[in-house]
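Asks: I'd like to go over a predicted model; first the sequence, then the structure.
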Amino acid sequence: MQYYYGDKMPLRILDEAEFWKQQEAEHTVVIRELVPDLEPQFTDALQNWEQAFSQTQALVVRYVETLVRSGNLLQPAFYQRMLGLIQHCLQQSQQFIQFLNQLAEQSEPIRRSPVVIVVLNHIRRESEYFIGIAQTILYQSPAHPLVYC
């Protein structure tokens, strides 16, 4: 993500979150399709993850719509809620990575398939990439705020 978006930066942040939550939801489907003999508890967990990612993505879309309707002028309270949403997105991705690690360790069909392990590692790296973006946004120096209200 480039950091020269100026007053469009909050919209860009939300755009990134929306994209990565959609990716993570799709990744749950990829895993289920790649491992048709996956243990039922992991299949159920992946379906729950898909639903959680889709709900988060829908919330991000609502924030985008609010921001666009406001003319990209952020009130401090909305800005804080937006940062809280980005924090939630980051934590959700961290928890998903923990789940992927659990899958790699505990699922016999996954452990038997080197191809699936490669795919899991790729999915993990993509979630880690989003975490890096979210951390950059959340831990930006207060002397350099993203927007001026």
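Replies: Happy to help now that I have it.

Asks: and P40, how many neighbours does it have?
Replies: P40 is flanked by 7 other residues according to other CB atoms under 10 Å. Where you see a C-beta, it was placed from the backbone N, CA and C, and this is true even at glycine.

Asks: repeat for Q94
Replies: By other CB under 10 Å, the residues close to Q94 number 14.

Asks: roughly how far apart are A58 and A17?
Replies: Per CB to CB, to the nearest Å, A58 is found 12 Å from A17.

Asks: actually L11, not the one I wrote
Replies: Here L11 is placed at a distance of 11 Å from A17 (CB to CB).

Asks: hmm, back to that, ok, A58 and A17, which is more surrounded?
Replies: It is A17, of A58 and A17, that has more neighbours when counted by other CB under 10 Å, with 29 against 11.

Asks: need the contact list for that one.
Replies: Taking CB atoms under 8 Å, 6 or more residues apart in numbering, we find A17 in contact with 56, 60, 85-86, 89, 130, 134.

Asks: from the middle of its chain, how far away would the strand or helix carrying Q87 be?
Replies: Assigned by DSSP states H and E, Q87 belongs to helix 76-106. Remark: helix 76-106 is offset 6 Å from the chain centroid, using CA atoms, centre = their mean, to the nearest Å.

Asks: what does stretch 55-75 rub up against?
Replies: So stretch 55-75 is contacted by 7-8, 10-11, 14-15, 17-18, 21-22, 25, 78, 81-82, 85, 88-89, 92, 147, 149 (CB under 8 Å, 6+ apart).
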